[in-house]
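Chemist: Okay, predicted coordinates and the sequence, questions at the end:
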Amino acid sequence: MKKSILIFCLFLSHLAWAQQPVDSLIIDKWYMPDHLKLQFAGNIGFLSGGPGYISRNHTLETDILLGYVPKIVGGDALISLTAKTTYSPWRIDLKNARYIVPFSIGAYLNYTFGPQFDSKWPDYYPKGYYWWATSIRPGAYAGGKVGRKVQNRNKIKGVELYYEVGTYDLLLVSYVLNPNYLKPHDILSLSLGMKIGF
Amino acid sequence: MIPYYITKRVAPALLIILIGLFYSCEGLFHFSPNEITLKESEKNLNAKNIARIQSQVPNDTLRFIFMGDTQRWYDESSDFIKSANAQPGISFVVHAGDISDFGLATEFKWINDIMKNLKVPYVTVVGNHDLVANGPLVYESMYGPMDYSFEFGDNKFIFVNTNSREYKFNGRVPNLPWLLSELRDNPKNKNAIIMAHAPPFDADFDPSMQENFSKMLANDPNVRFTLYGHQHTFKDGEYYGDGVHYFVTTSMGERGYLLVSSWKEGYKIERVLF
């Protein structure tokens, strides 16, 4: 676990380094990310951030986000890693290189680090005793974004602001089984984020 | 590096909006399924509710409801409140554990929001589902210690964590030395009513501690009956042939609970379906 965080941090620092003009060639390598995202809330951290890639037709984004919840905010300090994929089929271009993406839909897998969270239940539980893994949360969301293309300014090609409204498996199960007591707003929550494209 | 208009215009505006939303819309943002964000009114509930119970004047006959295993049954639990509020002469409700299904603070809060609608206070004992993920932290900050006791009228109520499997059957759960000290600390020989989640004859109760536990109860003349949840079905019997009667309440999914009446010389336990 610690090793993977370390590798991830090295990767991030490498990105920061890559933004230096001296290393401008590195940015063109196929494995270099197309963008960085910083997200607030959304059940993957108080703040989460990390690199991502976008498909050639600019509709599919895939991101790896390292999330952190400080104890003062979440009652327990939590670190998690999230892989998320967002599909945004339409883009409406406006004046001055601005645009709106009216609808996005996506899904994620979130892994929370910590000895109290299990991916596989230990042997002292009978098989199937608990059916879910406490460390891994799949979730889904829908949202939208606004963006602006930036020309000839350093390495940044564009900036987007996005919102997402989502939930995750355990809350969804609870909601489906309790149509009277639980309302959509009980299981949905909002996240806001920024994407910087290279 | 970052364009001027972001740093000077968008970013501060976004920050102000975020801070505003964060403080004005509780529940709009969630940071982790495992976060433990509780309001002051959602903390230390057992101690607060015991104080409310003890502020009542006890009758010679005490009546309370023993229910449990709310887990994922929010609709059914809401119906339970209607049934419980229609029972006359109830002093309090005991939740036998498995308050949550996944050990998430969100679930504990939903159940507390439902249980707040009871006309009487409620207290809890911890269940195995309440002990997964960050459940132990949620339970302790929301309800308090997992082993505790209080007295009311002629009764001493003892709540003990019996979810041995969640502790790898380490021989320390249930805490038998603590239980013995609680049973001994009863100078007025009040009815000792032990309540827990997993009954000693359940596979999740440490099998190596079953005999010591049941003997401890049988050896105390103040223990006549004892109450459990976990098995999602009504049960009762003298499981160890030692004069102590064991009762198990069913789950909210099965839409049932126990109505307990206790007085100095006797007790009555009725099954209620709603």
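Modeler: Received it, and whenever you're ready, just let me know what you need.
Chemist: can you tell me which residues contact the spatially closest residue to B:K264 that is not a sequence neighbour?
Modeler: Counting by C-beta to C-beta, 6 or more residues apart in numbering or on different chains, B:D154 is the residue found nearest to B:K264 once chain neighbours are left out, at 5.2 Å. (Glycine included, C-beta is placed from N, CA and C.) By C-beta atoms under 8 Å, 6 or more residues apart in numbering or on different chains, the residues touching B:D154 are B:P58, B:D60, B:L62, B:K190, B:N191, B:S262, B:W263, B:K264.
Chemist: B:D154 and B:T61, how far apart?
Modeler: 9 Å (C-beta to C-beta, to the nearest Å).
Chemist: Overlap in contacts, those two.
Modeler: B:S262, B:W263.
Chemist: which residues does the closest residue to B:D236 other than its chain neighbours bridge with?
Modeler: Nearest residue to B:D236 in three dimensions, chain neighbours excluded: B:F247, at 4.6 Å (C-beta to C-beta, 6+ apart). Beta-bridge partners of B:F247, counted by DSSP bridges, are B:L227, B:D236.
Chemist: burial measure for B:F247, as a count.
Modeler: By the criterion of other C-beta atoms under 10 Å in any protein chain shown, B:F247 has 20 neighbours.
Chemist: What about residue 72, how many residues nearby?
Modeler: As the question left the chain open, I've gone with chain A. Count around A:I72 with other C-beta under 10 Å applied: 8.
Chemist: actually it's chain B I care about, not the one you picked
Modeler: 24.
Chemist: and the closest residue to it other than its chain neighbours, how far is that from B:Y240?
Modeler: Spatial nearest neighbour of B:R72, excluding adjacent residues (C-beta to C-beta, 6+ apart): B:D101 at 4.5 Å. Distance, B:D101 to B:Y240, using C-beta to C-beta: 31 Å.
Chemist: B:K119 now?
Modeler: As judged by C-beta to C-beta, B:K119 and B:Y240 stand 37 Å apart.
Chemist: Looking at these two, which one has more neighbours?
Modeler: Each of B:K119 and B:Y240 has its neighbours counted (other C-beta under 10 Å); B:Y240 has more, 17 against 11.
Chemist: And the residue in chain A that chain B sits nearest to, how close does it get to B:N161?
Modeler: Here chain A gets closest to chain B at one residue, A:G75, 3.0 Å apart by C-beta to the nearest C-beta. From A:G75 across to B:N161, the span is 21 Å (C-beta to C-beta).
Chemist: Of these two, give the one with the bigger neighbour count.
Modeler: B:N161 (28 against 21).
Chemist: Specify the beta-bridge partners of the residue lying closest to B:V94 once chain neighbours are set aside.
Modeler: Using C-beta to C-beta, 6+ apart and skipping residues adjacent in sequence, the residue nearest B:V94 is B:F66, 5.0 Å away. On the basis of DSSP bridges, B:F66 is bridged to B:V94, B:L258.
Chemist: Could you measure from B:F66 over to B:A192?
Modeler: 15 Å.
Chemist: Confirm for me that B:N46 is in contact with B:Y143.
Modeler: Yes: taking C-beta atoms under 8 Å as the definition, B:N46 is a contact partner of B:Y143 at 4.8 Å.
Chemist: between those two, what contacts are shared?
Modeler: Contacts common to B:N46 and B:Y143, judged by C-beta under 8 Å, 6+ apart, are B:V123, B:T124.
Chemist: more neighbours, the two?
Modeler: Using other C-beta under 10 Å, the more surrounded residue of B:N46 and B:Y143 is B:Y143, with 27 against 21.
Chemist: Quick check: phi and psi on the more buried one?
Modeler: phi -110, psi -30 (degrees, to the nearest 10).
Chemist: any idea how far it is from A:H58?
Modeler: 50 Å.
Chemist: where does the stretch 51-200 of chain B come near chain A, residue by residue?
Modeler: Residues of the stretch 51-200 of chain B lying close to chain A by C-beta under 8 Å from any C-beta of the partner chain are B:72-75, B:77-78, B:101-107, B:110, B:114, B:132-134, B:136-137, B:141, B:165, B:168-169.
Chemist: Kindly confirm my reading that B:S261 forms part of a strand.
Modeler: Yes: assignment of B:S261 by DSSP: H, G, I helix; E, B strand; the rest coil places it within a strand.
Chemist: For it, give me its contacts.
Modeler: Contacts of B:S261 (C-beta under 8 Å, 6+ apart): B:T61, B:L62, B:R63, B:Y267, B:K268, B:I269, B:E270.
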